[in-house]
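Participant: Got a predicted structure here, sequence first:
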Amino acid sequence: MSPERRSRVEEIVEAALLIDGPERGSYLHRVCADDADLRREVESLLVQEKRAGTFLTTPALEAAARAWVTGQAGTPPAAGVGPYRVDSLLGAGAMGEVYRAWDTRLERAVALKFLPREYLTDASAMERFRREARAASALNHSNICTVYDIGNQDGRPFIAMEFLDGQTLRARLSGAALPARKALAYAIQIAHGLAAAHRKGIVHRDLKPENLWITRDEVIKILDFGLAKVAEPSIRSETAADSLTTEPGTLMGTVGYMSPEQVRGERVDHRTDIFSFGVILHEMLAGKRTFSGASAADTISAILNQEPGDLADAAINRVVRRCLEKDREKRFQSVSDLAFALETPADANPVSEQPRRTGKRLPLIGVALTLSAAALVGILWPGRTRTQREPVTFRFGPPENTALVAATGVPSPDGRQIAFLATDANGQTAIWVRSLASSSARRIPGTEDATGAFWSPDGKFVGFETHGKLRKVALGGGPAQNICNISSNLGASWSPSGDIILAPYNRTVIHRVPASGGTPRPITTLNLDRQENSHRWPYVLPDGRHFLFTARSALKENTAIYVGSLDSSQVWRLTTEQSSSAYAPPGYLLFARNGTLMAQRFDARKLELTGDAFPVADAIQHLTANANAQFSVSAD
Amino acid sequence: MARKSQPGATVTADEVTLLLQAWGRGEPEAFDRLAPLVYNELRRLARYHMARERQGHTLQPTALVHEVYLRLADLHSLQWKNRVHFFAISSQIIRRVLVDFARLRQRRKRGGSQVKLSLDECAELSESHDAALVALDDALMALETADARKCRVVEMKFFAGLSTEEIAESLQVSPETVLRDWKLAKLWLLRELSAKEAHEPGTP
């Protein structure tokens, strides 16, 4: 843009900011005349006006200074919040942080959402928050995340809500279209949830894939009803806006899902949700953003002026088009009508002929992250002495004044102790060891900033990574010792013969290093025909000569669990699973599948799997992106 | 006086003056040496002032920058022009160090052990703050290309917390121009940030 053009734009913006209401439109109409580009540029800036009042109000230096001094930032809330025991951080975003917690009164898991303090600076904001939360808590529908309670800790408001296991629609979409049947099943559930809210007069206002949760049972839950309204600063109240202290960007909305009336800053009603719903359904089916542009200005312009791309299915396309009418009078006037249209498309088509399966459990493919259901889970596999082959799942909360690092518990080989990572009130993460027979844990000195922990076969040492070094420390005392330098910690396992089998660097293979120290040497080779890109998560088998590992490939179907050998370069493929693995006596292979811990009969001498895999424990942390499932096994 | 109760700086005012001049001449190494000095001094002074704040004082970022200045370069031995110069470049330094540390923390968080630097700062700013700072920094780089003066205004006002008058003095424009730049820069940055957000998958 030329300097002359820019200064013209700025002149108009400045003048327009001084004009309120409909006169502003006529002013713009007059000065921009038929220069549509000029008008678009001016409007794209003016649209930000509301947020600008609270944007960048606290100097970064001041915020940094506070954090330096108080050391407060990044630390979780106190371990106990009212009746809730805070377990672990689930996620953080512009709307605050979400923690997993346990309701000690009702004995159930809850999610605690702490809102940014900045949202509630005065009594009227707090009242608005209460009102919205009360309204949202009145919503009792299977497609809406239930609000249980609200409260505040040290002036920081929180919402206690239903704890959900699964992933957001955003994570589920990850840039690809969903199968039409699945997209419709989701859409119908979203519509039912919205209809229930609209019946009570509650408009969501910020419907987007980030706010739609898909549980492991494929049930859609709409999150954060009414929160968007709380987050809006009181418009035109300059003093209130000025007193809001906001980190940059916390009030950013997601432009792409807003309705035309929303981007124009007009009053919104339930039909705004219908528009956003249309954008989401369109995106699920098309696999890309419905309205997007190189800049926010372009996105806004697309929302205001562009028609969405046509979808393959004509009947569905008509429904989506009607949701996406620029003029809300032309949209569906209620979500119930919309749901009806989706459930009974006017003409026969391949999509509508499929049986609807909303109520049925659909297998979920490609779980990105299943959150651990317990703060920490260690699987203790009863050994030979018992006839019963049921594993024992051991769950416990963090030591006092610490927060657990999610799902890092590792039982010792004799099953009597468990090592785990926890972060104390000063933000210091270290390895803690706790005997299963006692309720107290002790912090192991010298393990600061550790990632991952593994036991020596005799249970006397714990190995770990910290600051690019693999180290070991004797539990009986003494300084931690270096084993070798590593750049990643993609699994390590200590063999009875005194070697550590490890995956020390990203995108390479399994290595071996003496536990007494040395340089890691590669012991496996990538199979390039199978497009393998790394070997990771080694686990030494009882004979001490063979080990399990996961070969990750660019092709999902080639990502599999293998057995490798310390004595030769031979490998044996066991099963195609995107998971780390472990061996459990008397003869099971353990791995994770979609967040469920599975076991399958495995003869460690013949290196053969037999029978079918069966589920052992639910809801373990499983990161398919790097094929790491967090579980561990103890022999006795 | 406050200065007496604080431990002495490890670098002399003369050295800082020389570094400032070198950086002013466009020697990038000078920045690399200045940045940690300024950063450490800011941290130390922030702690000092915040401790007093708990006893009823209020932290003034401007005062902090002034005091860093006093600590690092002796005001009286410098020309007036250097003082103005110092505000401008200290704002850039503050932006650089805050954003660099935010980026580092983010990398560390993602890459596990790949960043080998030991930083006690890592736990000190929240993740959302880091992400916001990094996004803002990217947007500022775009703004700098479009309109460098607006970028300087944001640096001085937001990163360093300088007053409108100080910014006006430093940029040799009227205070009204600073306010106008600030208002328009915020609109511009918000548009840029929301566009960026619209293109990136959000966090769950």
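Facilitator: Perfect, thanks for sending it. Numbering: from 1, shown residues only, chains lettered A, B, ... in the order given.
Participant: What is the burial count for B:Leu42?
Facilitator: 26 (other C-beta atoms under 10 Å in any protein chain shown). C-betas here are computed from N, CA, C, even on glycine.
Participant: quick one: it and chain A, what's the gap?
Facilitator: In this view, B:Leu42 and chain A are 7 Å apart by C-beta to the nearest C-beta, to the nearest Å.
Participant: Any regions of chain B where pLDDT drops low?
Facilitator: Within chain B, the stretches with pLDDT under 70 are B:1-14, B:24, B:39-40, B:43-84, B:86, B:101, B:104-129, B:196-204.
Participant: Can you list the residue ranges for strands in it?
Facilitator: With DSSP state E, there are no strands along chain B.
Participant: Could you measure from A:Asp543 over to A:Asp414?
Facilitator: From A:Asp543 across to A:Asp414, the span is 19 Å (C-beta to C-beta, to the nearest Å).
Participant: Which stretches in chain B count as helices?
Facilitator: B:13-24, B:28-54, B:61-72, B:80-111, B:127-146, B:148-154, B:164-171, B:175-199 (DSSP state H).
Participant: buried residues in the first one?
Facilitator: Along helix B:13-24, the positions that meet the burial threshold by neighbour count (16 or more other C-beta atoms under 10 Å in any protein chain shown) are B:Ala13, B:Glu15, B:Val16, B:Thr17, B:Leu19, B:Leu20, B:Ala22, B:Trp23.
Participant: Go back to those residues and keep what's next to chain A.
Facilitator: Among these, no residue is within reach of chain A (C-beta under 8 Å from any C-beta of the partner chain).
Participant: A:Leu548: helix or strand, and which one exactly?
Facilitator: Using DSSP states H and E, A:Leu548 sits within strand A:546-553.
Participant: Dump that strand to PDB, restricted to CA.
Facilitator: The C-alpha coordinates for strand A:546-553 follow below in PDB (Å, rounded to 0.1, in the frame of the first residue of the first chain):
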ATOM      1  CA  HIS A 546      15.700 -59.100  23.100                       C
ATOM      2  CA  PHE A 547      13.700 -55.900  23.400                       C
ATOM      3  CA  LEU A 548      10.400 -54.500  22.200                       C
ATOM      4  CA  PHE A 549      10.300 -51.300  20.200                       C
ATOM      5  CA  THR A 550       8.000 -49.200  18.100                       C
ATOM      6  CA  ALA A 551       8.900 -48.400  14.500                       C
ATOM      7  CA  ARG A 552       7.200 -45.300  13.300                       C
ATOM      8  CA  SER A 553       6.600 -44.900   9.600                       C
END
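Participant: Residues touching the following helix or strand past it, excluding its own?
Facilitator: As assigned by DSSP H and E, the chain's next helix or strand after strand A:546-553 is strand A:560-565. With C-beta atoms under 8 Å, 6 or more residues apart in numbering or on different chains as the test, strand A:560-565 has contacts from A:510, A:523-524, A:535, A:538, A:541, A:545-551, A:553, A:570-577, A:579, A:581, A:589, A:591, A:607.
Participant: average pLDDT across strand A:560-565?
Facilitator: Averaging pLDDT along strand A:560-565 yields 93.
Participant: returning to what we had before: kindly calculate the angle that the strand holding A:Leu548 makes with strand A:560-565.
Facilitator: 140 degrees (axes from the mean of the first three to the mean of the last three C-alpha atoms, to 10 degrees).
Participant: Partner strands of strand A:546-553, with direction?
Facilitator: strand A:532-540 (antiparallel), strand A:560-565 (antiparallel) (DSSP bridges).
Participant: does chain B sit close to the helix or strand where A:Ile501 lies?
Facilitator: Assigned by DSSP H and E, A:Ile501 belongs to strand A:499-502. No: on the criterion C-beta under 8 Å from any C-beta, strand A:499-502 is out of touch with chain B, staying 12.8 Å away.
Participant: For that strand, name the packing helices and strands.
Facilitator: strand A:492-494, strand A:511-514, strand A:532-540 (3 or more C-beta pairs under 8 Å, 6 or more residues apart in numbering or on different chains; DSSP states H and E).
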